[in-house]
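> Next input, structure requested:
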Amino acid sequence: MPGDTSLSGKSVLVAGAGLAGLVAARDLADMYFFETLVRLHRAGEGAPYTGLKPAGRDLGPAIPGADRALETGDVEPLVKLLVGAAEKGVRQHFAEARGLDVKSVAIFSIAPLFMGGIGNPVSVWIANRLAPHVGNMARTRRIMAYIGFAGASMFLLLSTRMNDPLMATLAIGLASFSNDLVMPGAWSACMNVGGKHAGSLSGMMNMTGNIAGAIAPQVIGFILYFTNRNWNLTFYLSAAIYLMGIVCWMFLDPITPLKDDTPPGLQHAR
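Numbering: from 1, shown residues only. Predicted coordinates for the structure are as follows:
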């Protein structure tokens, strides 16, 4: 009724109470939503649920870094932060799983590269003494390639059968050593076969190797994902690729220069 203030006052009170109830219900629903979200997240990490944390606490460097990346449009600092944290975590978990300290992990990490460096001069020393007995340098380079790739394949397979970290690292180091027995002959073949184009041929060989090196981590990631982290399978695949190298060297002429099809007039012009 017009002029009935008591009715309008009651309506306001009822509406206010209903609104307050809606706000409280919304807050309760939000709390249950975030609580469920955190529970699922913690369960996925294998960690217990410890309740919702208050706002304003230290979130670590990653979340603020992500916010800065969105604000500035520069993602590189965030990428470096995450890659560094991932590398540190992998090394730490590897050390813990193997029962190694930081010093041991550092020594084991440099062993394959160090032993590979030794393989190069050893290959030259052996090849120089082998060549007079086999008759020519082409056959010498093939033999060194057969020995190197076969050894690399064998030692990689052997490393998968060893539980002791020192012996496994030694086997991988010997695989690197064996692989580098091939390198002097391969680079020398580039010079002999390439002739005046030796730089281009060497660059092509190096580029192809780097492309394979860039693809390999992606392939290994897929292998680990689809095989429940079966690292041994990645070593088996690498060993098979080394054996394929032996087959390639069987058909490779590492001595005869490439034929230069450039017309004589253009040769002088260059």
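
> number of nearby residues for Pro132?
By other C-beta atoms under 10 Å, 9 other residues sit near Pro132. Any C-beta I mention is one placed from the backbone N, CA and C, and that applies to glycine too.

> Now name the helix or strand holding it.
Secondary structure assignment for Pro132, by DSSP states H and E: helix 102-134.

> Please, which helix or strand holds Gly209?
Taking DSSP H and E as the definition, Gly209 sits inside helix 198-226.

> what's downstream of that helix, the next helix or strand?
Next helix or strand after helix 198-226 toward the C-terminus (DSSP H and E): helix 231-250.

> And that next one, what does it pack against?
helix 137-159, helix 198-226 (3 or more C-beta pairs under 8 Å, 6 or more residues apart in numbering; DSSP states H and E).

> Most tightly packed of those?
Stretch with highest mean neighbour count among these: helix 137-159 (a mean of 20; mean count of other C-beta atoms under 10 Å).

> tell me the mean pLDDT over that one?
Across helix 137-159, pLDDT averages out at 94.

> ok so, going back, do you know which of the helices and strands packed on helix 231-250 lies nearest Asn232?
helix 137-159 (9.2 Å; C-beta to C-beta).

> I'd like the next helix or strand past that closest one.
Once the chain leaves helix 137-159, the next helix or strand it forms, by DSSP H and E, is helix 165-180.

> pLDDT below threshold where in the chain?
Residues of the chain meeting the criterion pLDDT under 70: 1-34, 36-47, 52-60, 62-63, 87, 89-105, 260-270.

> Which parts of it belong to which domain?
61-99, 105-250 (automatic domain parsing).

> quick one, which of these is packed in tightest?
domain 105-250 (a mean of 16).

> tell me the angle of the helix holding Gly209 relative to helix 231-250?
For helix 198-226 against helix 231-250, the angle by axes from the mean of the first three to the mean of the last three C-alpha atoms, to 10 degrees is 150 degrees.
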